[in-house]
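Peer 1: please work out how this folds:
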Amino acid sequence: MKRNTKSFVRGAIWFLALTAADQISKLAAASCLKGRESLKLIPGVFELYYLENRGAAFGIMRGRQLLLAVIALLIILCIIFVYARLPQGKRYVPLKIICVVIAAGSLGNVIDRLAHSYVIDFLYFSWIDFPVFNLADCYVSVGVALMVILLFTYYRDESFEFLNPFRKQN
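Peer 2: As a prediction, the model looks like this:
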């Protein structure tokens, strides 16, 4: 198997595993937390709290589930394009990992939006009264934060010449 195919298969396996972990955690939250008081794991700091989020981050765009799902699917397609064009070599491994993590988070929330018309959130930091979130949100937030850090510290403009659709692939 060619190196690029191996990389794509490995990425697909991680993508499916991360998406499955997100969906399993949401099913567990729905079955164990829905209709009950929150479960205080660290009182005053962190708890499991069931919430049906009918919007995007922080509840924005409430009731626009189809639009949010389409946007997320477009993001996933862009990520697949980037992932497929990423050069081989250790230099681009961090970007490959980030692409997989962000895509898995995006798909995890798309599945909820299409299946339930809301996203199941259940992780809550009561200490700082942070909005309730889920694993998919963590994937996207951490992935984007790491990507921004890498873009400003590790990669240069010429590192992304591979994204030019008119450039011939090696």
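
Peer 1: what are the pairing partners of the lengthiest strand in the chain, and which direction each?
Peer 2: In the chain, taking DSSP state E as the definition, the longest strand is strand 46-53. As defined by DSSP bridges, the strand partners of strand 46-53 come to strand 39-42 (antiparallel), strand 119-124 (antiparallel).

Peer 1: elements contacting the worst-scoring helix or strand of the chain on mean pLDDT?
Peer 2: Ranking every helix and strand in the chain by mean pLDDT, DSSP states H and E puts helix 65-85 at the bottom, with a mean of 87. Where contact means 3 or more Cβ pairs under 8 Å, 6 or more residues apart in numbering; DSSP states H and E, helix 65-85 is packed against helix 3-33, helix 93-116. The way it works is simple: take the backbone N, C-alpha and C, and place the C-beta from them, glycine included.

Peer 1: burial measure for A103, as a count.
Peer 2: 28 (other Cβ atoms under 10 Å).

Peer 1: grab the nearest non-local neighbour of it.
Peer 2: The shortest distance from A103 to any non-neighbouring residue, by Cβ to Cβ, 6 or more residues apart in numbering, is to I79 (4.5 Å).

Peer 1: residue contacts, the one you found?
Peer 2: C99, I102, A103, S106 (Cβ atoms under 8 Å, 6 or more residues apart in numbering).

Peer 1: look up how far D112 lies from it.
Peer 2: 19 Å (Cβ to Cβ, to the nearest Å).
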